[in-house]
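Colleague: After the sequence you'll find the predicted model.
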Amino acid sequence: MQNEISLCAPAKVNLRLEVLGKRANGYHELRTWIYPISLGDELHIKRLASSKIVLSCFHSELPLGEENLAYRAATLFLKETGLSVGVKIEITKRIPVAAGLGGGSSDAAAVLKGMNVLLGAKVSQKELMEMGERIGADVPFFILGKGAMMGGRGERLLQPLPPLELWMVLVNPGRPLYTQKVYQKVKEGLTKNRRDNKILMFPQDLEKMGNFLCNDLEAVALELMPVIEVIKKRLCEVGAIAALMTGSGPTVFGLFPGQQEANRAAKEMKMEEGWISFVAHTTSDL
Ligand code: ATP
């Protein structure tokens, strides 16, 4: 019997994020093309004899109880499977928090997947995605673990996307931007032209990717954090084919033809105090 398991909880980038409108319940209807990336948190889960959940996370600002999405995922998994065991979860946080990179949701998905294997629970992927949806809209995508076009609030799989390796430089200004704050500011006017829901071809080459990239939340996030525009400009100055904010921001990614170009750009880019950068690529199967 396996007693422990180590997993990577990847971050994500939204290559395109459309806000289609607002639902009666106040949630925004989205259509988004997302890929997991090679930047990720590390998780280590150990089986405990007693039926408690112990979380340690080497990050000063994150809660360690039910408010942590990883803890919530563990509680839900034990409740849904009826297993009376406990787990110790250690998270080494590498993904910046409240950055538009989906770190919390990915940790939660990794806990669901990891506990499923560790405890031999044999819960199907579909059921894990349903469990994940109760924790957060991005969790089902991370359960899936590969490129996908998602709808609803982001929780509904519309279509899987082809394997793709896009190299990028990600730059985070070192300050959080809370998703809720961005959505509060999204105005109806911004979404009117999106109601047509037209069919879009997903580009297979990098040249066409530039025109495909789009984030309807970017304009609003920019009002809250103008530095996003500065980062985009700087990434283009060091040769990015295109640069875009991911999710609800404020992290920006710039696309490059390959690893060498991305590494060179990350070295050359003019950074300000507090900014953090990463070189990463989209991944397909985890
Ligand atoms: P999204 O793009 O899905 O909105 P994000 O990348 O902008 O997510 P996260 O890093 O997931 O944001 O964190 C958002 C909030 O979730 C923060 O307020 C944070 O305190 C809380 N949170 C709870 N658990 C975690 C966790 N394990 N890792 C990161 N944040 C967490």
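Modeller: Noted; the coordinates are in hand. Source: prediction; values computed, not measured.

Colleague: Next one: residue 134 relative to the ligand, how far apart?
Modeller: Going from residue 134 to the ligand by C-beta to the nearest ligand atom, to the nearest Å gives 15 Å. C-betas here are computed from N, CA, C, even on glycine.

Colleague: Phi, psi for that residue please.
Modeller: The phi/psi pair for residue 134 (degrees, to the nearest 10) reads phi -70, psi -10.

Colleague: sec struct for the closest residue to it other than its chain neighbours, please.
Modeller: In this structure, residue 134 finds its nearest non-sequential neighbour in residue 76, 6.5 Å apart by C-beta to C-beta, 6 or more residues apart in numbering. Here residue 76 is recorded as helix under DSSP: H, G, I helix; E, B strand; the rest coil.

Colleague: what about residue 76, how many neighbours?
Modeller: Neighbours of residue 76 under the rule other C-beta atoms under 10 Å: 18.

Colleague: does the residue in the stretch 1-150 of the chain positioned nearest to the ligand count as helix, strand or coil?
Modeller: Nearest residue of the stretch 1-150 of the chain to the ligand (C-beta to the nearest ligand atom) works out as residue 104 at 2.8 Å. At residue 104, secondary structure determined by three-state DSSP is helix.

Colleague: Count the neighbours of residue 234 for me.
Modeller: 22.

Colleague: List the contacts of it.
Modeller: By C-beta atoms under 8 Å, 6 or more residues apart in numbering, the residues touching residue 234 are 171, 269-270.

Colleague: Quick check: phi and psi at it.
Modeller: phi -60, psi -40.

Colleague: Against the ligand, how distant is it?
Modeller: The value you get for residue 234 to the ligand, if C-beta to the nearest ligand atom is used, is 21 Å.

Colleague: and the most centrally placed residue in the chain, what is it in contact with?
Modeller: Geometric centre of the chain, nearest residue: residue 102, 2.7 Å, by C-alpha atoms, centre = their mean. Shown in contact with residue 102 (C-beta under 8 Å, 6+ apart): 11-12, 95, 138, 141-142, 247.

Colleague: ranges for the strands of this structure?
Modeller: Using DSSP state E, the strands of the chain run over residues 4-22, 28-48, 53-57, 86-92, 148-152, 156-160, 167-172, 214-215, 242-245, 252-256, 276-281.

Colleague: got the angle for the second one vs strand 86-92?
Modeller: Regarding strand 28-48 and strand 86-92, their directions subtend 120 degrees when assessed with axes from the mean of the first three to the mean of the last three C-alpha atoms, to 10 degrees.
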